[in-house]
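Engineer: have a look at this prediction, sequence included:
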Amino acid sequence: MVSFKEIKEGLFTFDEPDKGWVVEVKTAVDMLKAVEKVRKAGVKRFDTFSPFPVHGLEKAMGIKRSWLTLITMIAAFTGTTFALSAMSYIDLVDYPLNIGGKPSFAWPAYIPIMFELTILFASFATVIAVWKMGKLGIRYNHRRPVSPTVTCDMCSVWIGDDMTKEEVKKIVGDLAKEIHKVDATPTDNSLD
Amino acid sequence: MKKFELPGKIKNILIAFIAVGVVSLVAGFIVQPQRAWAGFLAFTFFLIILALGGGFFTALQVMSGSIWSVVVRRLPELSVNIIPVIAILLLGVFLGIPNLYEWSHPEAANDHILHQKHWYLNIAGFVIRIVIFVVLWFFMGRWMKKISLKMDETKDPNAKKTLLKVATAYMLIFAYTFLFASIDLVMSLEPHWYTTMFIIYAFAGMVFSTFAGIIILVVTVQRNGGLKEANAEHLHDLGRFLLAFTAFWAYIALSQHMLTWYANLTEETIYLERRLRDGWALFTPLLWIFHFVVIFLILLSREIKRKPEKLIKVAWFALFMGFVDVIWMVYGFLDSKTLGFPFQWMEAGLFFGAVGVAGYVILTSYTKVNQVPIGDPQLQESLDFHQTY
């Protein structure tokens, strides 16, 4: 089984690119190779930027599977249990009614309610978890982009660990087209 | 490209399965002839489900232009080869009409409801309809298979367009013929019962059993050294389909039974009432729990869907529950006092028989063709298929 710490890390850690090096590469394939080298070199903080989704990137970066599905499942079962217990309470204890001579515990009639509350709980929990995990909902922040090119048309790898340009060069080798030093620390922390 | 070689061991197991089916059917006819006729009909209908399911899967994947399924398409395509066997079995069903169908008895003329339905439910009409359906299934399925096999040689990308047109025609014909075939063969066993959901219920069970069957075939072929191209990514999608259709089956079953329960009309409740007393009292809740709840909860796991050795176990169980569901649909007209528990040794033997027939026919014809549709223009994309988190 996984530890609670691992779950918490999987859920809420998120490396915000700030200071360090941006390694620009020519193609997406080069980026996959470069980020694999960076991960294998033991670099702790790194990220990638690409103008389009790249297949296999999550494996190259060593990203673990999101815990989002677990949250959805727990919320879904909570919804099912809640619907069943609430309906039983209403029909058996709070306000028993004789409807068409059917028994008070009319479980077939509860199934649509259980089904709908399952979906309602699961969808709300998922949306809220996505906002929380992805740090959405901050209307704007005062961070500068790490590098002007990464928000445009360039595949690149960001390395946040404290190292010299030579060390970065040694890791990525000739995959790098250019290596910039960047500093994008927030200018104003008031909204974080 | 190397063709698949079916190991003698698997062949012998499948022949043994067929033998078990035949022996239990013969023994059933000696011990309980009425029940054996019903079992024989369930056996035939289950084979129809598997044979049409393969064609339905092919047509669906071609029509939706889906890419992931191209690698695994060859196995379901070959399911049309079961239809000649079904044709022979249906001759047996025709012989059993007086034992199976209440509307064929001479006394039916005195029954007002059956008299009113006589224009549709009569022996001549029944036989003519079924013969037309079987001919259509066979030739349409074979047409689709032929185009796909020819594409292997010509490697003509335009053949996929022709396949799309034939698949569309197949889908339309399948929809109407399966609708009337399931009404004729299964629903008319209880001609006093009214419902609007039966056809969709039979369809949901059909697609569910089909996906279980495809998973079993793919993993079995892979274990014996074939179809190396299919990997965890493709199995994941097949497993997802199985998960989706167990939910769909439950949704349809509930739509039928909850409305029956609410409205409480005699001509509707009779169906469920019969299936909740005597030997059925335990059987029906077990069907609902194992066909839906258990399989649904197991298949929620991503790991199980991606591991062939785990997925095939779930798929075997799902195929078995698909057969139990057919038994549930067919056996209702039998006298529940003498029936006992509806799933006994004969039904178990018939399940093995059906698996043996379908497996033997599909796997032996699979050794004669290319393992994947090598002429399909979308094959490379299908091989590179990749699931994200």
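Structural biologist: Received the coordinates, thanks. What you are looking at is a predicted structure, and each value in this text was computed from that prediction instead of being measured.

Engineer: what segments of chain A are helices?
Structural biologist: A:4-12, A:28-40, A:57-61, A:68-88, A:107-133, A:165-172 (DSSP state H).

Engineer: and the fourth one, what's buried?
Structural biologist: What it means is helix A:68-88. Neighbour-count burial for helix A:68-88, with 16 or more other CB atoms under 10 Å in any protein chain shown as criterion, is recorded at A:68, A:71-72, A:75-76, A:79-80, A:82-84, A:87-88. (Glycine included, C-beta is placed from N, CA and C.)

Engineer: now those residues as JSON lines including distance to B:D325?
Structural biologist: Written out in JSON lines, the entries for the buried residues of helix A:68-88 read as follows (distance: CB to CB, whole Å):
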{"residue": "A:L68", "distance to B:D325": "34"}
{"residue": "A:I71", "distance to B:D325": "33"}
{"residue": "A:T72", "distance to B:D325": "29"}
{"residue": "A:A75", "distance to B:D325": "31"}
{"residue": "A:A76", "distance to B:D325": "25"}
{"residue": "A:G79", "distance to B:D325": "28"}
{"residue": "A:T80", "distance to B:D325": "24"}
{"residue": "A:F82", "distance to B:D325": "31"}
{"residue": "A:A83", "distance to B:D325": "27"}
{"residue": "A:L84", "distance to B:D325": "25"}
{"residue": "A:M87", "distance to B:D325": "28"}
{"residue": "A:S88", "distance to B:D325": "29"}
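
Engineer: of the helices of chain A, which is nearest B:Q34?
Structural biologist: In this view, those are compared for proximity to B:Q34 by CB to CB, and helix A:107-133 is the closest at 31.9 Å.

Engineer: and the closest one, what does it pack onto?
Structural biologist: helix A:4-12, helix A:68-88, helix B:232-263 (3 or more CB pairs under 8 Å, 6 or more residues apart in numbering or on different chains; DSSP states H and E).

Engineer: next helix or strand past the last one?
Structural biologist: What it means is helix B:232-263. Toward the C-terminus, helix B:232-263 is succeeded by helix B:266-274 as the next helix or strand (DSSP states H and E).

Engineer: for the helices of chain A, give me CSV that also has mean pLDDT and distance to B:T364.
Structural biologist: Putting those into CSV (pLDDT from 0 to 100; distance: least, CB to CB, whole Å) gives the following:
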stretch, mean pLDDT, distance to B:T364
helix A:4-12, 57, 48
helix A:28-40, 89, 43
helix A:57-61, 84, 39
helix A:68-88, 94, 41
helix A:107-133, 92, 44
helix A:165-172, 84, 55
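
Engineer: and B:A42, which of those helices is closest to it?
Structural biologist: The minimum distance between B:A42 and the helices of chain A falls on helix A:107-133, with 26.7 Å, by CB to CB.

Engineer: ok now that closest one, how far from the chain's centre?
Structural biologist: For helix A:107-133, the gap between its own C-alpha mean and the chain's C-alpha mean amounts to 20 Å (CA atoms, centre = their mean, to the nearest Å).

Engineer: would you mind listing what in the stretch 251-389 of chain B touches chain A?
Structural biologist: By the rule CB under 8 Å from any CB of the partner chain, the part of the stretch 251-389 of chain B lying against chain A is B:254, B:257-258, B:261-262, B:264, B:300, B:302, B:386, B:388-389.

Engineer: which of those ranks first by neighbour count?
Structural biologist: B:H257 (22 neighbours; other CB atoms under 10 Å in any protein chain shown).

Engineer: still on that earlier bit, how about the residues of the stretch 251-389 of chain B next to chain A, which pair is most distant?
Structural biologist: Once CB to CB is applied, those give B:N264 and B:H386 as the farthest pair, at 52.0 Å.
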